[in-house]
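[1] Sharing a model that was predicted from the sequence below.
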Amino acid sequence: MTKVAGPKDKKDLVVAWLDDAYAMENALIRVLEHRIKDAKAYPWVRERDERHFEETRRHADLVRGCIERLGAQPSAAKSIMGNVFGAVQAPMTGMARDEIVKNFLVDHAAEQFEVASYRALVAAAQEVGDEETAAVCERILLEDQAMANWILEHLPRIVQERMRELAGATS
Ligand SMILES: [Fe+2]
């Protein structure tokens, strides 16, 4: 079994990056579980989060498959997202004024981070001639890009809805 820590050649580096991607997907599965609950009052958000939750679970399985195909095992309990985005996993503690909007901002950053990570992985996999890993990462990247685009496109709508609710509550 290949040891993922301390890559010693090109293939090890691909495995180490896949391992980071696997940790990232697992962290995002937990984030999306919270988001689905948090979006109770916004069915159109909830529906998209549920779709991406299913996609993210599939991404984690696909990445694990790539790691195993390369003769390694994913390492447990590693969280690159925790380091990168700090409180990204924290569930909402109540309906703070701008929490749902802040979720959109953080989630957009997380999806773009994923897109960049998979772009790097596609290049790395091609460098070692692993076309299957490159193809898998390319497909995952497209779904993360679609989610990032959706978040950005719908940001004005969530801002409007939230602001109008607050105006209604105070007038
Ligand atoms: Fe994603």
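    Cool, the structure landed.

[2] Quick check: closest non-adjacent residue to Val45.
    With sequence-adjacent residues excluded and distances taken as Cβ to Cβ, 6 or more residues apart in numbering, Val45 is closest to Ala39, at 4.1 Å. Heads up, the C-betas are built off the backbone N, CA and C, glycines and all.

[3] Could you double-check that that neighbour lies in contact with Ile100?
    Yes: Ala39 lies in contact with Ile100 (Cβ atoms under 8 Å); the separation is 7.2 Å.

[4] what's the overlap in contacts for those two?
    Val45 (Cβ atoms under 8 Å, 6 or more residues apart in numbering).

[5] got a list of what the residue nearest to Val45 touches?
    Shown in contact with Ala39 (Cβ under 8 Å, 6+ apart): Val45, Arg46, Asp49, Ile100.

[6] Nearest to the ion among these?
    Asp49 (10.8 Å; Cβ to the ion).

[7] For the closest one, give me the pLDDT.
    As predicted, Asp49 sits at a pLDDT of 98.

[8] what helix or strand is it on?
    helix 43-69 (DSSP states H and E).
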